[in-house]
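Asker: give me coordinates for this.
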Amino acid sequence: MGKVRRSGRVKAGIVSAAAIGAAATVGGVASVQPTALFTLPVDLSALIVVGSSTHPDGSGNENFFGGLFNQAPYNPGGQPGPDLVGVPFGGGPRAIDAALRAHSGEDNAVLSSGWGAANASLVLSRLDGAADPMLPSTVFVLDNNVSRPDGGFGTRYPWFSLIGVNPFPSPTDTAAAAVVDIAYQYNYNSNAPADLLNLVAHVNSLVAYLYGYREQDQIDLPVDNEGRPTVSCGGANTCAVLASGAEALPCDDARCDAPDGDRVLAYVTTRGNTTYVTYTTEELPLARLIRDVVPFGDAIADVSEPLLKVIVDSAYYDNNPIPSDPSRYRPARLMPTVGEFAETVSKVPGAIREGLKALSDRDSDADQVAKVADEAETEKADDAATPKETRRERRQERIRARAAAREEASQSKAVEQKKESNSDSSLDAAAADGADTAD
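Answerer: Below you'll find the predicted structure:
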C-alpha cells in the first residue's frame, strides 16, 4: 500500500507541474502581447505566421514548403501586406488567438513550427473546446510539432511545462478546416526518444535538430494548401511516399519496405481531420556528424552506423522511431520493455557484420580507385614522353590488348561452362546406366 500511495503522489506531482506550466503558458503571456496585433484592420483572410523560441519573429517562415500556404486564399499576392500577419513568439497563444479574431470571417491558415506549434496547438484545443465559429474556416499547420502526441518533446517530457512548454498533446479530431502535423525522424522537437536513460539517442536527436534547422523551404509537403493529403493508397491507413517520386505505397501502420533502389521519404496518415506527415532521414544524424567533424570520419561512420542505429532506435517504442499511430499519446519512460530489449540484443550481431562489410567494401573500392588512378598516371606519363604518332599507336595497342584480354577471358569462361556441361551429361549417363543395370 505504501508503494501505491508513493506512486500516486509522484504521478500527482507530475500532473500538477504540467498544469502549472500550462497555466503559465496560457495566462502568463498577457503582459507581453504585441499591441500591433490588437490594432490590425479587419481583413477577410490571412496567413498567420507564428514565431518560435529560436526564431521569435517567424519572418521568412511563410516560405516553408515552397510557399505552399503563402498564396490564395490566405495571402493571394504572396507578398508582405495586410494578409501576411506575423505573431512574435513572445506573444504566446493569446497573440495567435488575437490575430485570428482580427481576420475572422473567411479562410485563414496558422503556420507554426517548433515551440510555436505547441502554442498554436493550445489555441486549437481551446477553440475546439469552445466550439468557436471561426475554427471551421481555419487550417492549422503544426511543423516540427513540440506537442505531437507521440514524439513531441513537450508531450514526451511534461516537466518542461515548468518553463512554459505546452504539455498537452495536439488534438486529433477537431472542428478546424484541417490540421497538418509534421514531424522529422529523430528530431528532438517532434520525434524525441522515449527512453530517458539512452543518452546516445538523446545526443542523436539534438544533432538531428541542428541539421534540420530551418530547412523547410525546400521540403515538398504531400498536402494541398487546404491541408488535405495529395497521396492516396487504397484502404491502407498509411501511405509511404517514395524518394523516387513513384506512386505512394500502401503501408499499414507505417510498416513496409521500399522497392530495391528506393527509400521511403515520408509516411502520411490521416486520423480524424488531422493529416500526420513523418519525414525520414537517409542517414543517422550521429553518423553524419561523425563524417563531418571526425578525422577519417567516413570510414568510422561506415563501420559504426549500423550498431549506432540499433542503439538509437531502441530508445523508441517498438524499437522504431516512426510511430505506427502518431495520434496516440506516448510519454517518456526510463527504459525499454524486456521484449524490446531482447529484440535489440538480437540485432547486434547483424549490425556488427554489416559495419565490417561496409568497411571491407570501402577498402575494395579504394583499391580499385587507386588502381585506375595509377593506370591513368602511367598513360599520362607515357603520352608526355613520346611523339604524337607514337602516342596514338600506343593507345591503339593498349585498346587492342584490352580487347584481346576480354576476348580471352570470355573464351575461357565458355570452355569452363562447356566442361561443366559435359561433366553433368556424363554423370547423367552414368546414373542412367546404373539404373539399367539395377533393372
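
Asker: quickly note the distance from Gly235 to Pro250.
Answerer: From Gly235 over to Pro250 the distance is 8 Å, taken as CB to CB, to the nearest Å. (Glycine included, C-beta is placed from N, CA and C.)

Asker: of the two, which one has the most company?
Answerer: Pro250 (14 against 7; other CB atoms under 10 Å).

Asker: residues contacting that one?
Answerer: Counting by CB atoms under 8 Å, 6 or more residues apart in numbering, Pro250 touches 233-236, 238-240, 256.

Asker: how about the helix or strand in which Ala208 is found: buried residues?
Answerer: Counting by DSSP states H and E, the secondary-structure element that holds Ala208 is helix 199-211. Of the residues in helix 199-211, those buried under the neighbour-count criterion (16 or more other CB atoms under 10 Å) are 201-209, 211.

Asker: how about those residues in CSV, adding pLDDT and distance to Tyr157?
Answerer: Below are the buried residues of helix 199-211 laid out as CSV (pLDDT from 0 to 100; distance: CB to CB, whole Å):
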residue, pLDDT, distance to Tyr157
Ala201, 98, 13
His202, 98, 11
Val203, 98, 16
Asn204, 98, 16
Ser205, 98, 12
Leu206, 97, 14
Val207, 97, 18
Ala208, 97, 16
Tyr209, 96, 14
Tyr211, 93, 21
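
Asker: quick check, nearest of these to Val268?
Answerer: Taking CB to CB as the measure, Val268 sits nearest to Ala208 out of these, at 20.1 Å.

Asker: now the closest one: how far from Thr337?
Answerer: Between Ala208 and Thr337 the distance is 24 Å, computed by CB to CB.

Asker: again, but for Ala131
Answerer: Taken as CB to CB, the span from Ala131 to Thr337 is 40 Å.

Asker: between those two, tell me which one has more neighbours.
Answerer: Ranked by neighbour count (other CB under 10 Å), Ala131 and Thr337 place Thr337 first, with 12 against 9.

Asker: mind listing what that one touches?
Answerer: With CB under 8 Å, 6+ apart, Thr337 has no contacts at all.

Asker: could I get the pLDDT score of it?
Answerer: We have a pLDDT of 97 for Thr337.

Asker: what do you get for Glu397?
Answerer: As summarised for this prediction, Glu397 has a pLDDT of 70.

Asker: which element is it on?
Answerer: When elements are assigned from DSSP H and E, Glu397 belongs to helix 388-438.

Asker: next: Asp128.
Answerer: Secondary structure assignment for Asp128, by DSSP H and E: helix 115-129.

Asker: and the contacts of the very next helix or strand once past that helix?
Answerer: On the C-terminal side of helix 115-129, the closest following helix or strand by DSSP H and E is strand 138-143. Counting by CB under 8 Å, 6+ apart, strand 138-143 makes contact with 64, 69, 100, 107-114, 117, 120-121, 124, 127, 148, 170, 176-182, 216, 225-227, all of which sit outside it.

Asker: if any of those are buried, give me the ChimeraX selection for them.
Answerer: Selection of the buried residues among those in ChimeraX, burial being defined by 16+ other CB under 10 Å:
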select :64,69,100,107,108,109,110,111,112,113,114,117,120,121,124,127,148,170,176,177,178,179,180,181,182,216,225,227
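
Asker: which ones among the contacts of strand 138-143 map onto strands?
Answerer: Cross-referencing these against strands under DSSP state E gives 108-113, 178-182.

Asker: okay if I get these as JSON lines plus pLDDT and distance to Ile352?
Answerer: Listed next are the ones in strands among the contacts of strand 138-143 as JSON lines, based on pLDDT from 0 to 100; distance: CB to CB, whole Å:
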{"residue": "Asn108", "pLDDT": "96", "distance to Ile352": "54"}
{"residue": "Ala109", "pLDDT": "97", "distance to Ile352": "49"}
{"residue": "Val110", "pLDDT": "98", "distance to Ile352": "48"}
{"residue": "Leu111", "pLDDT": "98", "distance to Ile352": "45"}
{"residue": "Ser112", "pLDDT": "98", "distance to Ile352": "43"}
{"residue": "Ser113", "pLDDT": "97", "distance to Ile352": "39"}
{"residue": "Ala178", "pLDDT": "98", "distance to Ile352": "46"}
{"residue": "Val179", "pLDDT": "98", "distance to Ile352": "43"}
{"residue": "Val180", "pLDDT": "98", "distance to Ile352": "40"}
{"residue": "Asp181", "pLDDT": "99", "distance to Ile352": "37"}
{"residue": "Ile182", "pLDDT": "98", "distance to Ile352": "35"}
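
Asker: mind putting those residues into TSV with distance to Pro93?
Answerer: Listed next are those as TSV, based on distance: CB to CB, whole Å:
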residue	distance to Pro93
Asn108	16
Ala109	17
Val110	11
Leu111	15
Ser112	11
Ser113	15
Ala178	20
Val179	16
Val180	19
Asp181	17
Ile182	19
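
Asker: and of those, the nearest to Arg330?
Answerer: Checking those against Arg330 with CB to CB, the nearest one is Asp181 at 14.5 Å.

Asker: I'd say the closest one and Thr278 touch.
Answerer: No. In terms of CB atoms under 8 Å, Asp181 does not count as a neighbour of Thr278; the distance is 9.0 Å.

Asker: list the residues that contact both of those two?
Answerer: Applying CB under 8 Å, 6+ apart, one finds that Asp181 and Thr278 are jointly contacted by Pro326.

Asker: return the member of the buried residues of helix 199-211 nearest to Ala46.
Answerer: Checking the buried residues of helix 199-211 against Ala46 by CB to CB gives Tyr209 as the nearest, at 29.2 Å.

Asker: which non-adjacent residue is nearest the closest one?
Answerer: Once its chain neighbours are removed from consideration, Tyr209 has its nearest residue in Tyr188; the separation is 4.5 Å (CB to CB, 6 or more residues apart in numbering).

Asker: from Val231, how far out is that neighbour?
Answerer: Summarising the geometry, the distance separating Tyr188 from Val231, computed by CB to CB, is 27 Å.

Asker: those two: who's more crowded?
Answerer: For Tyr188 against Val231, the residue with the higher neighbour count under other CB under 10 Å is Tyr188, and the figures read 25 against 15.

Asker: understood, closing this out.
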